[in-house]
Structure formats: C-alpha cells, structure tokens
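Trainee: Structure here, sequence nowhere to be found:
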DNA sequence: GGATGTGAACGACTTCACAGCG
DNA sequence: CGCTGTGAAGTCGTTCACATCC
C-alpha cells in the first residue's frame, strides 16, 4: 500500500535522458526569450545575459544549455539562431501537435484565444463539451462537439494531446475517454488528481493550489525580505 | 553578472521554516482531498490511504504531515478534522485574503467563476482593466475599474494579493503598479518573467510552458511506459 | 579579457527501514 | 498487529570554481 503505479500528481516521469526535469521548464523560457531577442535583431547572447533576463544564474544557464550540445563559443556566447533551433528540436516542438480541448468554458476560451500556442506548433483540432446548449456553437472557427464524437474525431484528426478544462467531478471520466481514444498526453486544469496509465503523459495545472501557495508565501514571509 | 537579486522565475523563496517547498503544493492537495472525505463522513485516514488517493508514497505523506506536529496516532491514522484545521492554519488560509484581478478576459472570468476559491478563504475585492469598453461592466457582482483607480481601491479594500491576467507586454507595468499600491503577493498568468522587489511574493503560472512541457514528455517518452 | 563547459561540493528532496506506540 | 515518526541512505538539482578556448 504505497508506491504509486499510475501517474501521480503533477507531471509524469519521462525516460532516461540526462536532463533534469526542472530544466525542461526553463528551456521553454529560454526559447521564448530568445525568439523575442531574435525579432529585435540580436544574434549573440551570453549565459549571463540570458540568466539576468530570466532570473537564473549564469552557471545554471550553461548547465542547461550544455544538454543541447556544445553550442557556445568561449569568449563570445551563443548564436541565438542556433539555440532556438536546438531548443525547438529538443522540446519536440519542431513539428505540429494536434490538440483537442474538452470543456469549453472561459478557461478553454482563454487558451484558444492565446495566439502563442500555434506559434509553438500547437494546433487545436477539435473541441468537446457535454452541454447541449454549447454543442454546435463555433469558437475560434471550430465547432463544439459532443463527447460521443470524441473517439472518432481524435482518430480522424490524429490528435495526440488533450486539454481537460471540465469541473473536477467530470475530469477522471473525460480523461479515461481521452485515453481510450488514443491520446498520448493530457494537460489537466481540473482541480483533482487524475490517474492515468503510465503510457500517457500528464501535466497538471491546479489553479487552486497555486493561489494557496501564494497565500502561504505571503503568510510566511510577512515582512522580511528574502535573500541570505 | 549572475546571482539574481529580484524574485526569479516561478516562485519566490520564503523564510527559513523547515518545510520543503515542494511539500507546500502537496499540502493544498491533502487539504482538498481531506475536505472531500470529511463531507463524505470519513473521520480517520492513514498515510497510505491519503497517498494512494493522490499518487504519493505513504512515507512522503508522513514526512509532510510531521511538519504540522505529531497529529497521527500509531495503529490508527490521522483525524481528518484535526488535519484539516492544522493544514488551513499552516497554509495561512484560516483567514480571508482580499484579492484583486487585473485584466478581465476569459482567464480572469474563469477564475472568478470558480467557487472553490472563496471556500478556501479568497475573496475577490476588485477588478481592473484598461479597456474602456469593459470599464463599468459588472462581472460576478463586481464592477470593472480603470487602472487609475487601482492604488486607491487596493488601499481601501486592504487587498493583499493580485492576479495578473493581462497580455505579456503589459504585465511588468501592471506588476509595478500593484507593488506600488502595496500588494504583497502576485499570481502571474502572463507569459513573461516578472521582476519584483524581494518583499513581494510571486507565483507564476505559465500556460505556454506547461503545454510545451507536455509535448516534451510525449515526444521523449514515445512508446515506452515509465517505471523502473 | 571574456565566456564556455564541467568536475566537485553542496544542498534539497525523497525513499528506506525500523523502533516504538496504541 | 497496524500505523506513525524519524534517522540514515539515496537521489536529484544547483552552485562553485576553474581549466580551457577564442
């Protein structure tokens, strides 16, 4: 009665690559910042500059980037272009990811409206909801469908990622249906802990937990500043 | 040119309590699950049961709960009631937290609609937006105000937490205004890294990063399951 | 000089394993 | 006997410091 066998809490374990899990989150930040700098015409950047912009130490940046290979030039820094390409390839977003969304409330609409996703290779392929009043409605050019159409449409579109934005009490059921339809990764916004087979990857974003974490930090910190 | 001095990436450091940062997130999960069990009439629970429900090992649960004091009874388990009280006190949500939201788009509306927050002691005290078309509109019983009213209203309401749900290019400016108005903690949803003075706590929820993390895990894991 | 890449030290978190209590 | 609390061991992630290269 202990070792969890299905994917636990917040993100499921990966293979045996040598990257620290934490660094993957930073890769996304590096990438976004670099793309911005590139648009501004910058071509070269050092670990110190990158770190300063993101609130990370230079050593950490170098350790992270070393996973991508020896891209840096001593005395110079990194070529933004090269880094961007390497990061996109490493993260697996050098291709399209067809994504479906279940539960088309305000949260889903916020996601659908955010244009940053397509730029990073995510393409919304279908929307689902149980509410008969919503079915048939078009959001962002996509028609909302009933859950009964899910298995078929996921197969037709070849969607691999699913976003769950339904109330907590419906989330596990929706997750099961997504898994049954062949989805390979789930992004869960419902305030509940999902159990998935270990072949399906899970990332959970629990807004209630985040807000409580903030309250805790403020509660704890009271007046004192941080630092050593 | 290295050690970041303002609050970095995803969550700002706290004081010197002995709790691991990671465990704080789990505390919220414990609390929510326990409250549910309580509503179902359960009174006693063991570390193994709690862990199983949340995908955590029993040892981890005991280590976490030990920070709250010696609440467990060997051979029996924990009293749900006692745990809930201790968790709420520990997290600092045994009181009200007046919270303001800036940027009233779909994301903000999703938060405002979620009833779980008030149950945990969060009370939305005011809403702000720059869009003249939205100012004056009522959402969830609250009137949307312009940013110019922010400093005054935050002081009047005594709000301590601020949620940023504006586009990336406006986020830092909004954060500065919140800090100037005396806010003590910021929950940032904008896809950018904020810099805040070290007296102000920060929790960042970067949806683009989460989705990319999921793609990475699927990309990486390809077919193989997890396990050792 | 300026910046990278990296072993080694350090620190944080998790799991093990078991004594001890109800 | 079942379950807690906790040192000890183990694992993971970050920082330091420096040899190395342009």
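Mentor: Looks like it arrived, so ask away. The shown structure was predicted, so the numbers you read here are calculated from the model rather than taken from an experiment.
Trainee: Tell me if the longest helix seen in chain A is near DNA strand C.
Mentor: Ranked by number of residues, the top helix in chain A under DSSP state H is helix A:21-39. No. Contact of helix A:21-39 with DNA strand C (C-beta under 7 Å from any atom of the strand) is absent, the minimum separation being 10.1 Å. Using the backbone N, CA and C atoms, a C-beta is placed for each residue, glycine as well.
Trainee: Other residues contacting the helix or strand that that helix is followed by?
Mentor: Remark: after helix A:21-39, the chain's next helix or strand is strand A:44-45, criterion DSSP states H and E. The contact list for strand A:44-45, computed with C-beta atoms under 8 Å, 6 or more residues apart in numbering or on different chains, reads A:34, A:37, A:76, A:77, A:78, A:79, A:80, A:83.
Trainee: wouldn't the last one be in contact with residue A:67 here?
Mentor: No. Here residue A:83 does not reach residue A:67: they are 11.9 Å apart, not a contact under C-beta atoms under 8 Å.
Trainee: which parts of chain A sit against DNA strand C?
Mentor: A:2-3, A:46-48, A:58-59, A:62-63, A:65-66, A:70-78.
Trainee: Just the buried residues out of those, in PyMOL syntax.
Mentor: In PyMOL, a selection of the buried entries from those looks like this (16 or more other C-beta atoms under 10 Å in any protein chain shown):
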select buried, chain A and resi 46+47+48+58+62+65+72+77+78
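Trainee: Sort out which of the residues of chain A next to DNA strand C are in strands and list them.
Mentor: With strands taken from DSSP state E, the overlap with the residues of chain A next to DNA strand C comprises residue A:78.
Trainee: Would you check which of the residues of chain A next to DNA strand C are in contact with DNA strand D?
Mentor: Among those, DNA strand D is touched by A:59, A:62, A:63, A:73, A:74, A:75, A:76 when using C-beta under 7 Å from any atom of the strand.
Trainee: quick one, what contacts the second one?
Mentor: Spelled out, that is residue A:62. By C-beta under 8 Å, 6+ apart, the neighbours of residue A:62 are A:47, A:72.
Trainee: let's see 10 Å
Mentor: A:46, A:47, A:48, A:50, A:51, A:72, A:78 (C-beta atoms under 10 Å, 6 or more residues apart in numbering or on different chains).
Trainee: In helices, which of those fall?
Mentor: A:47, A:48, A:50, A:51.
Trainee: Give me the below-cutoff pLDDT ranges for chain A.
Mentor: Residues of chain A that meet the criterion pLDDT under 70 lie in A:1-18, A:222-228.
Trainee: Give me the phi and psi for residue A:163.
Mentor: phi -110, psi 130 (degrees, to the nearest 10).
Trainee: any idea how far residue A:101 is from it?
Mentor: Remark: distance between residue A:163 and residue A:101 (C-beta to C-beta, to the nearest Å) = 5 Å.
Trainee: can you check residue A:73 too?
Mentor: 43 Å.
Trainee: Residue A:163 is in contact with residue A:202, isn't it?
Mentor: No. In terms of C-beta atoms under 10 Å, residue A:163 does not count as a neighbour of residue A:202; the distance is 11.8 Å.
Trainee: So those two - more neighbours on which side?
Mentor: Remark: of residue A:163 and residue A:202, residue A:163 carries more neighbours, 29 against 26, as counted by other C-beta atoms under 10 Å in any protein chain shown.
Trainee: show me the contacts for residue A:189.
Mentor: A:101, A:103, A:105, A:107-108, A:111, A:163-166, A:168, A:171, A:204-207, B:110, B:207, B:210.
Trainee: Kindly recompute the last result at 8 Å.
Mentor: With C-beta under 8 Å, 6+ apart, residue A:189 has these contacts: A:107, A:163, A:164, A:165, A:204, A:205, A:206, A:207.
Trainee: now residue A:68
Mentor: A:83, A:86, A:87, A:90.
Trainee: Same list (those) but as TSV, adding secondary structure and neighbour count.
Mentor: Below are these laid out as TSV (DSSP: H, G, I helix; E, B strand; the rest coil; neighbours: other C-beta atoms under 10 Å in any protein chain shown):
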residue	secondary structure	neighbour count
A:83	helix	24
A:86	helix	20
A:87	helix	23
A:90	helix	20
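Trainee: Dump those residues to a markdown table, plus distance to chain B.
Mentor: Converted to a markdown table, those look like this (distance: C-beta to the nearest C-beta, whole Å):
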| residue | distance to chain B |
| --- | --- |
| A:83 | 15 |
| A:86 | 14 |
| A:87 | 10 |
| A:90 | 8 |
